[in-house]
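Visitor: Curious how this folds, go ahead:
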Amino acid sequence: MSKFGTALKINPRIAILRGLGREQASQIAEVLVFHGIRIIEVPLNREGALKAIEKIKETHGDSAVVGAGTVTTPQRLKEAVAAGVDFCLAPNLNEDVVRSAAKREVEFIPGVFTPSEAFRAIDLGSKTLLMHFVLINFLVPIWI
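Guide: Below is the predicted model:
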């Protein structure tokens, strides 16, 4: 089982640190780890995210599983791996990113919405999926 999978089994909570600076991210990681939250995701859609990942890995790499979120291109995956991530995830299923992650031997968690997307991700080798659900009311008409 991967480092991510083991941590998820112990405590299935993932802290998402958005828009934090390098030092601030490290301080928050300290509090999270102290309270038993060991999986930390830093989305790449904010400036400074890679620096924050590097700092968290430097200060808490032994006690936390650190990942990059919103990894939507092979280039962003490459940058995240260079920053030292343990895992990457995305809100979507991009087959090029899944294949790139397999080549780089980094755990990649694609986002899926439909059963077809889920099975395609599994066929590509994904072990963990980010499931998106929407509640749709088919049984009761909504009158406005």
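Visitor: And the residue most central in space within the chain, what's its pLDDT?
Guide: Geometric centre of the chain, nearest residue: Leu89, 3.4 Å, by Cα atoms, centre = their mean. You'll see Leu89 listed with a pLDDT of 96.
Visitor: isn't it right up against Val112?
Guide: No - between Leu89 and Val112 there is no contact under Cβ atoms under 8 Å: 11.3 Å. The C-beta positions use only the backbone N, C-alpha and C, and glycine is treated the same way.
Visitor: where do the contact lists of these two overlap?
Guide: Leu130 (Cβ atoms under 8 Å, 6 or more residues apart in numbering).
Visitor: sorry, back to before: might you report the residue contacts of the residue nearest to the centre of the chain?
Guide: Under the criterion of Cβ under 8 Å, 6+ apart, the neighbours of Leu89 are 41, 67-69, 71, 108-111, 130.
Visitor: partner residues bridging it?
Guide: When bridges are called by DSSP bridges, Leu89 pairs up with Ile109.
Visitor: Pop out the phi and psi values for Ala68.
Guide: With angles defined as degrees, to the nearest 10, Ala68 sits at phi -110, psi 140.
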